[in-house]
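J.: Attaching a predicted model along with its sequence, questions to come.
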Amino acid sequence: MITDELSAVPGVSSTSEQDYAAKGYHCLHEASPGSLPALAAIFRQRGFHLEHLTCLDMRADDDCMCLVYQFNRQDVPERHVIHSRLAPGEAGTSISEQFIGADWYEREVFDMFGVGFDGHPNLLRLLTDDDYIGHPLLKDFVDADPQRDVFAVDAKKDGVANEAANE
Amino acid sequence: MSSVPGPAMELVRDDEDRETYYLNMGPQHPSTHGVLRLRLHMEGERILSVFPVIGYGHRAHEKMAENRDYLMFLPNTSRIDYLSGMIYNLGYCQAIEKIMGIEVPERTEYIRIIVGELNRISSHLLWLGTYLLDLGGITPFLYCFDDRERILDILDSISGSRLTYCYGRFGGVTMDVDDAFLESTAAFCSYFHERLDEYEDLVTDNVIFRQRTEGVGPFSADLVQRFGLSGPCLRATGTRRDVRKDEPYGIYDRLDFEVPVGKTTNGDCFDRHTVRMAEMVQSLHLIEQAVRDIPDGPVMAAKVPKKIKPPAGDYYFAVESARGHFGMYIYSDGTDTPFRIKLRTPSFAHVSAMTEALVGTMLSDTISILGSIDIVIPEIDR
């Protein structure tokens, strides 16, 4: 377990061991969004990989968005879940430098929840169209125009997005 | 996802006055196995950079999960990855059973092994056939689909569907299997052992096939870690990771099977092929044990709560699908509707790794590498 090393990182406010048999993971950490690159660097060095990254829309109860990171060891299972709470409108910090696989997960969170990531090289929508309005996995999401013609888009704008993507 | 496909090809003169161009491979190209679009920046036949465009098959499964209760989400699970639908369907049941502490009857556990492993073989067969088709060999495709059809018939006889099974229930399976099912499964196993030998002769030892795969698309340990690859792509690099062994679910810990790995630490396309071929042998071995030892008894747990209300908190449960590590991150707020279900699918990580793995290769190798990782697009887009 690398719990001691992780809890020494500034910004990690709490660390608790979990019941693996019931929960499916070993450790839960609460960390500030800014501490994630430092945490990711430790995970990278100690032979972990990013299993997934997602977000929870907790604005109704706790007035925050909660990013969820999950790391697991490459050789034997040792699963760490990190909750990182953001005030509404606040951006997370990208860890795509440490784990390039986070690139797509962060784009997905941006697409689905509207949460930005500072330092992300290419924060475009991933699953919906470039000109899609709204963020579907927000709890208060209402589709602005369900009958929208997806092909009637501004081709010029799409070209700009593509060029940005290629750089 | 970009909605306008743009021209199929456009020429760009770059800073060094090289004539490079962008080529759109997909979203309708047969070798992208569904609606995946790769925007390739190329110089001649060589790939300079890759920008995969996904989302054409996005059906909002995760949003759907938040609008219905846990049981109503069950039919969705086999639509996520339609080639190993049984594994996903049973995996979701096992996740809920674990969270709710539901004890599953012994007979059900054996049935789940049989149908799950049959499904894994059928998925690998489809991969083998279409991979060879990508590389220009049509004959193996017909062989594989013939054999796959036999599995689909067997699974159809108990679940009523050929592809999008909804056979699992929380606490068991929908209906018991009869002796005819067990006999036809055993007959398939003995038949398929011989067929696998034929495949080895036909495909694995084929000199053209080996030239198209050996040394093509090696994945380094570093790439595997940074992108979080799993399944046969990971095992081809020599890492012995399999959820069935590491975090056993069902009765996998009581059955005897091995986890095949690639021969080198730089798993290439050929290693991924040999790993999947060896996995089919292990799956057959698992099925034979389960058919031999299956006990009599009920197939549904006696006590299953009518309303599934997991205690508030987050849970993670993973199964080994045909493509790799499929995980469900379930966040419950204590009500009978999931607050959030995040579906961690293996192909998502595999396709994102293509942005790095394809750079510097030739276009024809791109087809080979893309085929060798065995992607299912609906699983990426969810």
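T.: Structure's in. What do you need?
J.: Point me to the residue of the stretch 1-150 of chain B nearest chain A.
T.: Closest approach between the stretch 1-150 of chain B and chain A, counting by Cβ to the nearest Cβ: B:Gly55, at 3.9 Å. All C-beta atoms are positioned from the backbone trio N, CA, C, and that covers glycine.
J.: where exactly do the helices run in chain A?
T.: Ranges of helices within chain A are A:3-7, A:20-23, A:36-45, A:59-62, A:102-113, A:155-166, based on DSSP state H.
J.: out of these, nearest to B:Lys245?
T.: Among the helices of chain A, the nearest to B:Lys245 by Cβ to Cβ is helix A:20-23 (16.2 Å).
J.: Okay, buried residues for the closest one please.
T.: In terms of neighbour count (16 or more other Cβ atoms under 10 Å in any protein chain shown), helix A:20-23 has its buried residues at A:Lys23.
J.: Which neighbouring elements make contact with it?
T.: strand B:313-320 (3 or more Cβ pairs under 8 Å, 6 or more residues apart in numbering or on different chains; DSSP states H and E).
J.: And the average pLDDT for the strand it packs on is what?
T.: Mean per-residue pLDDT for strand B:313-320: 90.
J.: So which elements touch it?
T.: Judged by 3+ Cβ pairs under 8 Å, 6+ apart, strand B:313-320 is in contact with helix A:20-23, helix B:85-100, helix B:243-246, strand B:325-332.
J.: Is it possible to get CSV of these that adds distance to A:Asp143 and mean pLDDT?
T.: Listed next are the helices and strands packed on strand B:313-320 as CSV, based on distance: least, Cβ to Cβ, whole Å; pLDDT from 0 to 100:
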stretch, distance to A:Asp143, mean pLDDT
helix A:20-23, 34, 82
helix B:85-100, 26, 91
helix B:243-246, 36, 88
strand B:325-332, 23, 92
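J.: Need those in a markdown table (columns: distance to B:Ala186).
T.: A markdown table is the format used below for those (distance: least, Cβ to Cβ, whole Å):
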| stretch | distance to B:Ala186 |
| --- | --- |
| helix A:20-23 | 35 |
| helix B:85-100 | 19 |
| helix B:243-246 | 22 |
| strand B:325-332 | 28 |
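J.: any low-confidence regions in the chain?
T.: If you meant another chain, say so; for now it's chain A. Within chain A, the segments meeting pLDDT under 70 span A:149-167.
J.: oops, chain B please
T.: The model of chain B has pLDDT under 70 over residues B:1-14, B:31-32.
J.: now the strands for the chain?
T.: Just so you know, I chose chain A. Per DSSP state E, chain A carries strands over the ranges A:12-17, A:27-31, A:48-58, A:64-73, A:80-86, A:92-93, A:117-118.
J.: Hmm, no, I was thinking of chain B.
T.: Going by DSSP E, chain B shows strands at B:9-13, B:19-25, B:37-43, B:46-53, B:168-169, B:172-173, B:313-320, B:325-332, B:340-344.
J.: can you put the ones you listed in TSV and add distance to B:Gln225 and mean neighbour count?
T.: What follows is the strands of chain B, written out as TSV (distance: least, Cβ to Cβ, whole Å; neighbours: other Cβ atoms under 10 Å in any protein chain shown):
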stretch	distance to B:Gln225	mean neighbour count
strand B:9-13	34	11
strand B:19-25	27	17
strand B:37-43	24	20
strand B:46-53	20	19
strand B:168-169	33	24
strand B:172-173	37	24
strand B:313-320	18	22
strand B:325-332	14	24
strand B:340-344	16	23
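J.: Any chance of those strands in a markdown table with distance to B:Lys306 as columns?
T.: What follows is the strands of chain B, written out as a markdown table (distance: least, Cβ to Cβ, whole Å):
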| stretch | distance to B:Lys306 |
| --- | --- |
| strand B:9-13 | 58 |
| strand B:19-25 | 50 |
| strand B:37-43 | 45 |
| strand B:46-53 | 44 |
| strand B:168-169 | 13 |
| strand B:172-173 | 15 |
| strand B:313-320 | 20 |
| strand B:325-332 | 17 |
| strand B:340-344 | 20 |
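J.: Out of those, which gets nearest to A:Asp61?
T.: Here strand B:325-332 is closest among those (Cβ to Cβ), at 12.2 Å.
J.: is the closest one anywhere near chain A?
T.: Yes. Residues of strand B:325-332 are located near chain A by Cβ under 8 Å from any Cβ of the partner chain, namely B:His325, B:Gly327, B:Tyr329, B:Tyr331.
J.: Each with direction, which strands does that strand pair with?
T.: Note on strand B:325-332: by DSSP bridges, its sheet partners are strand B:313-320 (antiparallel), strand B:340-344 (antiparallel).
J.: who touches that strand?
T.: Outside strand B:325-332, the residues within contact range by Cβ atoms under 8 Å, 6 or more residues apart in numbering or on different chains are A:51-52, A:54, A:56, A:68, A:70, B:81, B:87-88, B:91-92, B:95, B:99, B:230-231, B:243, B:309-320, B:338-346.
J.: got the CA coordinates for that strand in CSV?
T.: Coordinates of each C-alpha in strand B:325-332 appear next as CSV, following Å, rounded to 0.1, in the frame of the first residue of the first chain:
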residue,chain,number,x,y,z
HIS,B,325,-11.4,-5.2,-18.0
PHE,B,326,-15.0,-4.2,-17.9
GLY,B,327,-15.8,-2.3,-14.7
MET,B,328,-19.0,-0.8,-13.3
TYR,B,329,-18.6,2.2,-10.9
ILE,B,330,-21.9,2.5,-9.2
TYR,B,331,-22.7,5.5,-7.0
SER,B,332,-25.8,5.0,-4.9
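J.: thinking again about what came up before, indicate which one of the strands of chain A is closest to A:Val109.
T.: Nearest of the strands of chain A (Cβ to Cβ): strand A:48-58, 4.8 Å.
J.: strand partners of the closest one, parallel vs antiparallel please.
T.: Paired neighbours of strand A:48-58 in the sheet (DSSP bridges): strand A:64-73 (antiparallel).
J.: buried residues in the lengthiest helix in chain B?
T.: In chain B, with assignment by DSSP H, the single longest helix is helix B:106-134. Within helix B:106-134, the residues that qualify as buried are B:106-134, counting by 16+ other Cβ under 10 Å.
J.: hang on, the earlier thing: for the residue of the stretch 1-150 of chain B closest to chain A, grab the count of nearby residues.
T.: Residues near B:Gly55, counting by other Cβ atoms under 10 Å in any protein chain shown, number 24.
J.: Verify the stated contact: it with A:Leu124.
T.: No. With contact defined as Cβ atoms under 8 Å, B:Gly55 does not count as touching A:Leu124 (10.8 Å).
J.: I figured B:Arg37 hits B:Gly57, correct?
T.: No. The pair B:Arg37 and B:Gly57 fails to qualify as a contact (Cβ under 8 Å) at a distance of 11.5 Å.
J.: outside of stretch B:215-226, which residues touch it?
T.: So stretch B:215-226 is contacted by A:44, A:47-49, A:74, A:99-101, B:229, B:233-234, B:236-237, B:239, B:265-270, B:353, B:356-357, B:361, B:365, B:368-369, B:372 (Cβ under 8 Å, 6+ apart).
J.: hmm, which of those are the buried ones?
T.: For the contacts of stretch B:215-226, buried by 16+ other Cβ under 10 Å: A:44, A:48-49, A:74, A:99-101, B:229, B:233-234, B:236-237, B:239, B:265-270, B:353, B:356-357, B:361, B:365, B:368-369, B:372.
J.: mind listing the helices in chain B by residue range?
T.: Along chain B, the segments classed as helices by DSSP H run B:61-66, B:74-80, B:85-100, B:106-134, B:139-159, B:179-199, B:207-213, B:221-227, B:231-235, B:243-246, B:269-293, B:346-357, B:363-372, B:377-381.
J.: and those, which is most packed in?
T.: Stretch with highest mean neighbour count among the helices of chain B: helix B:231-235 (a mean of 28; mean count of other Cβ atoms under 10 Å in any protein chain shown).
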